[in-house]
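>>> next input, structure requested:
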Amino acid sequence: MQFRKRRWLCPEIWGFLVCLAVTGQAMAADDFVRTEDVVVTATKTDHSLEDVPIQTELVTRQEIEDRKLKTLQEALELIPGLKIDMNGGSWGDKGKVSIRGLESRHVLILVDGHRVYGGHDASVDLESYPTEMIERIEVVKGPGSALYGSEAMGGVINIITRKAEKGTDFSASAAAGSRGTRILETTGSWKEAGLGSLLSYTCKHSDGVEADYDEYEEHAVQGTLAYEFSPRAEISLKPYFSEHRMDYEDRIQQRIGLNPSLQWEPDDLSRLRLWGSWFSYDHESEDEETGETDTDYTQNMYEAELNYSRLFFDRHLMTMGTQFEREERDDEAKGYDADEDVLSFFFSDEINFHPLVLVLGVRADDHDEWGSEVTPKLNAAFDLSDSLKLRASVGRAFNAPTLTKLYGQWRMGPYEVQPNPDLEPEESWGGDIGADWRPTENISFSATLFQNEVDHLIVSRTSRQGRPPWDLLWENVDEARTRGVEIGTSIGFAENLTADLGYTYLDTENLDTGKELEGQPMHQIDMKLGCYWSSMGLSAFLEGQYRGRRYDDAENEERLGGYTVFDLVVNKDFGDRYQAFVRAENILDKKGIEDAYDVDGAEFFAGLNMSF
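Model (predicted):
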């Protein structure tokens, strides 16, 4: 099927492209030095960002600090191919992220390689993870089940947390602004003789758009305790706790995590890693009118993984491992108690035929209820020159049905939601082909064509016979396709000016109905300009997002127009220890975006950072 003919360029898009054309005139500026970043998510082995054989997007600690990003979704929203849902809601809809047109439940969220939970419709509430503890964020788009199993259909987002550096450090930040927003962050760390610890606390309060419904307070504590037995062996323990409270519906959400880990490098060619994880999510709420319990459940996830990597014959970097997962859910409001076990084995071989690198991977997951899934993947990267790389990938992925859809039965308005223990996993095949070009040290371009074919999508069907309550049933019925183009460029003009711009064209279709998928914009543009005046201790960043036309319903009867949002950040250093900042969001004062509840006029907040 060919791409349908559509109007490609609206005035906002032309404006962004003019900006790119203007910035392109300065390509001859002197090169500036980029530090080499190390990423691990794409292969479960260490690679520099420049040499990783699978395309990886990276958000660094420095970028989080420069742009004064206070939520995880803010850190992700400028990455091409990603869409952040800006709908308010007590369930965490502010933090839902989709990749390349696939839904948020098809995106696997990890923290230090461990699964996390807690959000609406099997999604993860990204807002519950403060940016203060984030060292970097790695995003790998496309099927990821060959290494990570269920949920990784659209991609994998891995949040890497900070470690203690040698010596003693303490930092604090306080900020306040519109909508009653108040944020307090403190972090302390210590490391000596191989033993190190880091502890971070964040407190947030906001009235939201409508204080009667949106007001919340959140507390989060994260930490790391690590000991290096030698330069080749380290053991660590990472605890996490957060509590999110809302007066409306007396809603309380608590998340607790504990992640022990052991890493050992027997020699220069191999590495062994053993880790475990416990994550608990508790959610309670009451009906605002009756005062009766509306939500009351606890979800526990236990994981353990052993993996081993070794270089063979100076050419094959092989990674093999096994993982066990157990999920338990006790839902008193819906009246069921269920659990599930998954045992997995995975293998990957990175084969270096320089200038060609192949990555062959496969994973087998055995579930105690719905059976087994085998998910292979093939990646290839070819260096045409020192500055130009071609890459391609194809793989299979799946998303297992949730325990709620398998076993949960409850009343929802006029409907009686029925469980379906015969649901099968959603399955997909996806691939992409692209190129990365870096003509100079301070200029880079990338372009990617991608496509995903999804089968057995789980949807709800209602049966309206007689008087309510009517039955709402879960079924494997729909098939869908998403495909498109991602283009990105990054340009540095000497040391004091940088520009990043990304464009995504997305074509989606429900293959059963012939309609576009709900809420997915056809055109998306993201840009960022950064200016630095080191002698004055000043820096400023202008960020822009354009979201093109999309449909607000599955029948494609409610078409929404495009909109553009700009944010501005200004930082001022006072010596080495103090920094004042102002962040103004939505400076064009956009309002009334039907599917972007939080885009409701200009916002601002200002604060002070201190470090000792």
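>>> hey, what's Val111 bridged with?
Beta bridges link Val111 to His114, Ile159, judged by DSSP bridges.
>>> I'd assumed Arg162 was in contact with it.
No. If you go by C-beta atoms under 8 Å, Val111 and Arg162 don't touch, sitting 11.9 Å apart. Yep, even glycine has a C-beta here, placed from its N, CA and C like the rest.
>>> compare these two (neighbour count), which wins?
Using other C-beta atoms under 10 Å as the criterion, Val111 and Arg162 rank with Val111 on top: 23 against 18.
>>> which ones are touching that one?
129, 158-159, 161, 240, 257, 259 (C-beta atoms under 8 Å, 6 or more residues apart in numbering).
>>> so who does His47 touch?
His47 neighbours (C-beta under 8 Å, 6+ apart): 38-40, 53.
>>> please convert the residues you listed to CSV, extending it with neighbour count and distance to Ile593.
Listed next are the contacts of His47 as CSV, based on neighbours: other C-beta atoms under 10 Å; distance: C-beta to C-beta, whole Å:
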residue, neighbour count, distance to Ile593
Val38, 14, 38
Val39, 23, 34
Val40, 16, 37
Pro53, 23, 39
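>>> quick one: which of the residues you listed is nearest Val565?
Within the contacts of His47, distances to Val565 taken as C-beta to C-beta reach their minimum at Val39, with 28.9 Å.
>>> that closest one and Val569, how far apart?
Per C-beta to C-beta, to the nearest Å, Val39 is found 25 Å from Val569.
>>> what does Asp314 give?
47 Å.
>>> these two: which has the busier surroundings?
Val569 (20 against 8).
>>> in stretch 189-198, what's buried?
189-191, 196-198 (16 or more other C-beta atoms under 10 Å).
>>> mind checking which of those land in helices?
Using DSSP state H, no member of these falls in helices.
>>> now, which of those residues sits nearest Gly95?
Among the buried residues of stretch 189-198, and counting by C-beta to C-beta, the member closest to Gly95 is Leu198, at 23.9 Å.
>>> so what pLDDT did that closest one get?
Leu198 carries a pLDDT score of 96 in this model.
>>> try Asp30
34.
>>> now swap in Asp267 and tell me
The model's pLDDT for Asp267 equals 94.
>>> could you report the neighbour count for it?
9.
>>> how about the contacts made by it?
Asp267 neighbours (C-beta under 8 Å, 6+ apart): none.
>>> just give me the residue right at the centre of the chain.
Geometric centre of the chain, nearest residue: Ile157, 4.1 Å, by C-alpha atoms, centre = their mean.
>>> against Val124, how distant is the nearest residue to Arg232 once chain neighbours are set aside?
Excluding the flanking residues, the one nearest Arg232 by C-beta to C-beta, 6 or more residues apart in numbering is Glu265, at 4.2 Å. Separation of Glu265 from Val124 (C-beta to C-beta) stands at 32 Å.
>>> helix/strand/coil for the nearest residue to Leu423 once chain neighbours are set aside?
Once flanking residues are discounted, Leu423 sits nearest to Pro401: 4.0 Å by C-beta to C-beta, 6+ apart. At Pro401 the chain is in coil, as set by DSSP: H, G, I helix; E, B strand; the rest coil.
>>> okay, now Pro401: neighbour count?
Pro401 has 25 neighbours, counted by other C-beta under 10 Å.
>>> where does the stretch 101-250 of the chain dip in pLDDT?
120-121 (pLDDT under 70).
>>> ok, which stretches of it are strands?
107-111, 114-115, 134-141, 155-161, 167-177, 182-192, 195-206, 216-230, 233-246 (DSSP state E, counting those that start in this stretch).
>>> so which of those gets nearest Ala392?
Closest approach to Ala392 among these (C-beta to C-beta): strand 134-141, 13.5 Å.
>>> Leu272 is in contact with Trp264, isn't it?
Yes. Under the criterion of C-beta under 8 Å, Leu272 makes contact with Trp264 at 4.8 Å.
>>> hey, what's Ser444 bridged with?
Applying DSSP bridges, one finds that Ser444 bridges with Ser490.
>>> got it, and Asn379?
With DSSP bridges as the rule, Asn379 is bridged to Val359, Ser393.
>>> contacts only, for it.
53-54, 358-359, 361, 391-393, 395.
>>> hey, which helix or strand in this structure has the poorest pLDDT?
One helix or strand of the chain scores below all others by mean pLDDT, DSSP states H and E: helix 11-24, with a mean of 40.
>>> which helices and strands does whatever helix or strand comes next after that one pack with?
Going down the chain from helix 11-24, the next helix or strand is strand 38-39, by DSSP states H and E. When contacts are defined as 3 or more C-beta pairs under 8 Å, 6 or more residues apart in numbering; DSSP states H and E, strand 38-39 sits against strand 47-48.
>>> tell me which strands the strand it packs on pairs with, and in which orientation.
Applying DSSP bridges, one finds strand 47-48 paired with strand 38-39 (antiparallel).
>>> what about the strand it pairs with, distance to the chain center?
17 Å (C-alpha atoms, centre = their mean, to the nearest Å).
>>> most surrounded residue in the contacts of Val111?
Ranked by the number of neighbours (other C-beta under 10 Å), the contacts of Val111 place Tyr129 first, at 27 neighbours.
>>> can you give me phi and psi for the closest residue to that one other than its chain neighbours?
The shortest distance from Tyr129 to any non-neighbouring residue, by C-beta to C-beta, 6+ apart, is to Leu72 (5.1 Å). Main-chain dihedrals, Leu72, degrees, to the nearest 10: phi -70, psi -40.
>>> mind listing what Leu72 touches?
Leu72 sits in contact with 95, 126-127, 129, 131, 134, 137, 159, where contact means C-beta under 8 Å, 6+ apart.
>>> state the number of residues packed around Gly514.
Burial measure for Gly514: 8 neighbouring residues, criterion other C-beta under 10 Å.
>>> cool, Gln222 as well?
So Gln222, with other C-beta under 10 Å, has 24 neighbours.
>>> doesn't Thr161 make contact with it?
Yes. With contact defined as C-beta under 8 Å, Gln222 and Thr161 form a contacting pair (6.6 Å).
>>> what touches both of these two?
Joint contacts of Gln222 and Thr161 (C-beta under 8 Å, 6+ apart) are 133, 238.
>>> so which residues of the stretch 451-600 of the chain form strands?
Counting by DSSP E, counting those that start in this stretch, the strands of the stretch 451-600 of the chain are 470-493, 497-510, 523-533, 538-547, 550-551, 559-560, 563-574, 578-585.
>>> in CSV, list those strands along with mean pLDDT.
Shown next, in CSV, are the strands of the stretch 451-600 of the chain (pLDDT from 0 to 100):
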stretch, mean pLDDT
strand 470-493, 92
strand 497-510, 96
strand 523-533, 95
strand 538-547, 96
strand 550-551, 94
strand 559-560, 94
strand 563-574, 96
strand 578-585, 96
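>>> any chance of the ones you listed in CSV, plus distance to Leu184?
Formatted as CSV, those follow (distance: least, C-beta to C-beta, whole Å):
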stretch, distance to Leu184
strand 470-493, 33
strand 497-510, 30
strand 523-533, 27
strand 538-547, 23
strand 550-551, 37
strand 559-560, 37
strand 563-574, 19
strand 578-585, 15
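>>> deepest-packed of these, please.
Ranked by mean neighbour count, the strands of the stretch 451-600 of the chain are led by strand 550-551 with a mean of 22 (mean count of other C-beta atoms under 10 Å).
>>> other SSEs contacting that strand?
So strand 550-551, by 3+ C-beta pairs under 8 Å, 6+ apart, packs with strand 559-560.
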